[in-house]
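*Asks:* Model the following, please.
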Amino acid sequence: MSMTDDAYGPSLEGLVLGGRYRLQRQIGAGGMAVVWRAHDDVLGRSVAVKVVAPARAWDVRLRERIRHEARAAAALSHPNVAQVHDYGEMDRAGRVFPYVVMELVPGGTLLARLSAGLPPPEFAMRIVAEIAAALAAAHAEGLVHRDIKPGNVMLAPTGAKVVDFGIAAAISPGGVEEPEDDVLGTPAYLAPERLIGDAVVPASDVYALGVVLYRMLSGRSPWSSEDTRQMVEAHLYIPPTRLPPIVGVPDYVIRLCHRCLAKDPDQRPTADEAAEVLARGAGIRVVNDEPTVPVAVPSEPTVLVRRKAAAATAAPGAAAPAKAKPRWRPVAAVAAALVAGGAGVWVLMERPEQAGAGGGVAAGTPVTSPAPPTRSGAAATAQPQGSADPERTQRVPAAEDPQVTPSRAIAPGTAVATSSAAAPPTAAPTATTPATPPPAAVERTFSSAGGKVVATCPSPVTAELLSWTATRPYRLDSVDPGPAAAPAVTFRQGNRAVTVTVTCDDGTPEAEVA
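*Replies:* Have a look, this model is predicted:
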């Protein structure tokens, strides 16, 4: 659609929205919105501006939903989510067109990449793991995308970025439901509950994620359909075709894909779990922090110590360095004013100076040299105090004893430490190799609609449930913690039960939810 059509009135090219966003050229269009590349005249950056399509401008409820979603999505900050910067409304031809200003992501879409051919399995798992991580962050903020598909995923140089949180995920504010014939989304990725009028839930995004993963691993859809009606029937009634074993794809990733495509949303994994499993399949190590209790953090104030105060704490008998003209007198004057005014306490210290050769050690003080012997075994000469390099690591050969000779800076009669020539050489200690500790057992947390389960593998083929917590309104019905080949826990709500069964594959716990 050209921006010169009569729906918007005169061409939008060159129009400045909100006093700062200068529209440059159209870069995309769809049923919901038209996308423009624009320049932010205030911050001097390129942005993407999505203007509601003329055919939807009459929908006042849609305008309210978009405003609500833009405010919520603007608070969502995640490296795999295209950031929402601003929201505004454009008045054209007597009508109001909402627009959302978003991050302009460089790179092509995942759809374009799939059109070029099947990606490598590790790349596919990494990209879908990043999409899942973005969804997990959104779900934690109470947001549901509702239109996850390859066309809404950009492949930026830094990784995948999910776009269209600003318009495609317009959530009805205040619990207002959409009309039954107004379903936002793409038919090939719509979860069954979306098609029968149920409320939108995070599991709907996970279903679409499973379709994307299936396509990226196999190159085809989970169902064979010729039109939209057949596709809708497949989502509602037909189980997806089982994925065959794929070289480079672990079995637990195949199982995860089919769990995502479960008809019952309660049987699907969370986006968090999907991100963790896929990252592991792609060879990415996932390290989660442990929960901590907030504690008071002591302050670490910066203190400047006055040179005279530092000299007062020096050892008795130490020679004072030569007095130099201080360079901090103006600072000291300001500090004195601050102290007098009660603004704070500052103690000033001059930069330390090295002691001269003549200001060294008093007669009668025992001295040993820190310097090691030379490679030829010749005695090393003691250095003047304070001249050694504290950053230099020195090594003494184990078969030789270091010898020390008096320094020229030491007065006659000074006691000097020497090594005994008659003493036998000291043998080098025998190095012992510590035993390699056994690998730590892997613990994983599995989430379901009924509750969470933490499990481990005490052996490569046995599993053990460490803890289990029901999620309201579910309650614990039964549990077999193991260790066993397949320990399980069942959560129940009325006549609905969710069973989590854990097995171990080479020491790594996996879960099936039924």
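*Asks:* domains of the protein?
*Replies:* Annotated domains of the chain cover 16-281, 443-513 [automatic domain parsing].
*Asks:* and the helix or strand harbouring residue 272, which residues are buried?
*Replies:* In this structure, residue 272 sits in helix 271-281 according to DSSP states H and E. Judged by neighbour count (16 or more other CB atoms under 10 Å), helix 271-281 contains these buried residues: 271, 272, 273, 274, 275, 276, 277, 278, 279, 280, 281. For the C-beta atoms, the positions are set from N, CA and C on the backbone; glycine is no exception.
*Asks:* circling back to that earlier point, in CSV: the domains of the chain, plus mean pLDDT.
*Replies:* Shown next, in CSV, are these (pLDDT from 0 to 100):
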stretch, mean pLDDT
domain 16-281, 88
domain 443-513, 90
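*Asks:* quick one, phi psi at residue 23?
*Replies:* Here is the backbone geometry of residue 23 (degrees, to the nearest 10): phi -70, psi 130.
*Asks:* Likewise for residue 87?
*Replies:* Dihedral angles (degrees, to the nearest 10) for residue 87: phi -140, psi 150.
*Asks:* Checking the residue nearest to it when sequence neighbours are not counted next. Helix, strand or coil?
*Replies:* Nearest non-adjacent residue to residue 87, counting by CB to CB, 6 or more residues apart in numbering: residue 70, 3.9 Å away. What DSSP: H, G, I helix; E, B strand; the rest coil gives for residue 70 is helix.
*Asks:* From residue 263, how far out is residue 70?
*Replies:* To residue 263, residue 70 is 33 Å away according to CB to CB, to the nearest Å.
*Asks:* more neighbours, these two?
*Replies:* residue 70 (25 against 16; other CB atoms under 10 Å).
*Asks:* elements contacting the longest helix seen in the chain?
*Replies:* With secondary structure taken from DSSP state H, the chain has its longest helix at helix 121-140. Counting contacts by 3 or more CB pairs under 8 Å, 6 or more residues apart in numbering; DSSP states H and E, helix 121-140 packs against strand 153-156, strand 159-162, helix 202-218, helix 271-281.
*Asks:* What residues are bridge-paired with residue 497?
*Replies:* With DSSP bridges as the criterion, residue 497 is bridged to residue 492.
*Asks:* Looks like it contacts residue 478 (just checking).
*Replies:* No. Contact status for residue 497 versus residue 478: not in contact, 9.4 Å apart, counting by CB atoms under 8 Å.
*Asks:* Give me the more crowded residue out of those two.
*Replies:* Using other CB under 10 Å, the more surrounded residue of residue 497 and residue 478 is residue 497, with 15 against 11.
*Asks:* show me what contacts that one?
*Replies:* 450, 477, 490, 491 (CB atoms under 8 Å, 6 or more residues apart in numbering).
*Asks:* List the contacts of the longest helix of the chain.
*Replies:* In contact with helix 121-140 (CB under 8 Å, 6+ apart) are residues 76, 78, 80-81, 110, 119, 144-145, 148, 153, 155, 159-162, 165, 202, 205-206, 209, 212-213, 216-217, 246-249, 253, 270-272, 274-275, 278-279, 281-284.
*Asks:* Mind giving me the packing neighbours of the helix or strand hosting residue 36?
*Replies:* Secondary structure assignment for residue 36, by DSSP H and E: strand 33-40. Packed against strand 33-40, as judged by 3+ CB pairs under 8 Å, 6+ apart, are the following elements: strand 21-29, strand 45-52.
*Asks:* Need those strands in TSV (columns: distance to residue 97).
*Replies:* Converted to TSV, the helices and strands packed on strand 33-40 look like this (distance: least, CB to CB, whole Å):
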stretch	distance to residue 97
strand 21-29	12
strand 45-52	5
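*Asks:* right, so those: which one is the most enclosed?
*Replies:* Ranked by mean neighbour count under mean count of other CB atoms under 10 Å, the helices and strands packed on strand 33-40 are led by strand 45-52, which reaches a mean of 21.
*Asks:* Parallel or antiparallel, list what pairs with that one.
*Replies:* Strand pairing for strand 45-52, using DSSP bridges, gives strand 33-40 (antiparallel), strand 95-103 (antiparallel).
*Asks:* In CSV, list the C-alpha atoms belonging to the first one.
*Replies:* By that I understand strand 33-40. Backbone C-alpha positions of strand 33-40 (Å, rounded to 0.1, in the frame of the first residue of the first chain) are rendered in CSV as follows:
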residue,chain,number,x,y,z
ALA,A,33,-0.3,-1.4,10.6
VAL,A,34,2.0,0.3,8.2
VAL,A,35,5.7,0.5,9.1
TRP,A,36,7.9,3.5,8.4
ARG,A,37,11.6,4.1,8.8
ALA,A,38,11.9,7.5,10.5
HIS,A,39,14.5,9.8,12.0
ASP,A,40,14.3,10.9,15.6
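*Asks:* What residues sit buried inside that strand?
*Replies:* 33, 34, 35, 36, 38, 39, 40.
*Asks:* Same list (those) but as CSV, adding distance to residue 483.
*Replies:* Converted to CSV, the buried residues of strand 33-40 look like this (distance: CB to CB, whole Å):
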residue, distance to residue 483
33, 55
34, 59
35, 55
36, 60
38, 60
39, 63
40, 59
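*Asks:* does residue 292 count as helix, strand or coil?
*Replies:* Quick answer, by three-state DSSP: residue 292 is coil.
*Asks:* Three-state assignment for the closest residue to residue 96 other than its chain neighbours, please.
*Replies:* Nearest non-adjacent residue to residue 96, counting by CB to CB, 6+ apart: residue 89, 5.1 Å away. Judged by three-state DSSP, the three-state class of residue 89 is strand.
*Asks:* Across the sheet, point out what pairs with residue 89.
*Replies:* The partner residues for residue 89, given DSSP bridges, come to residue 98.
*Asks:* OK, contacts around residue 242?
*Replies:* If a contact means CB under 8 Å, 6+ apart, then residue 242 has residue 258 as its contacts.
*Asks:* Need phi/psi at it.
*Replies:* Torsion angles, degrees, to the nearest 10, at residue 242: phi -60, psi 140.
*Asks:* roughly how far apart are residue 78 and residue 84?
*Replies:* Distance from residue 78 to residue 84, by CB to CB: 12 Å.
*Asks:* who has more neighbours, those two?
*Replies:* Taking other CB under 10 Å, residue 78 and residue 84 do not tie; residue 84 has more neighbours (24 against 18).
*Asks:* Would you confirm that the more buried one contacts residue 162?
*Replies:* No. Counting by CB under 8 Å, residue 84 stays clear of residue 162, with 11.6 Å between them.
*Asks:* Would you map the helices across this protein?
*Replies:* 60-74, 110-115, 121-140, 192-195, 202-218, 228-237, 251-260, 271-281, 307-312, 329-341.
*Asks:* circling back to that earlier point, out of the buried residues of strand 33-40, the closest to residue 105 would be?
*Replies:* residue 35 (11.4 Å; CB to CB).
*Asks:* Which residues does the closest one form beta bridges with?
*Replies:* Bridge pairing for residue 35 - DSSP bridges - gives residue 28, residue 50.
*Asks:* right, and it touches residue 29 too?
*Replies:* Yes. Under the criterion of CB under 8 Å, residue 35 makes contact with residue 29 at 6.8 Å.
*Asks:* related to what we said a few turns ago, okay but the residue nearest to residue 96 is in contact with residue 98, surely?
*Replies:* Yes. Residue 89 is within contact range of residue 98, at 5.3 Å (criterion: CB under 8 Å).
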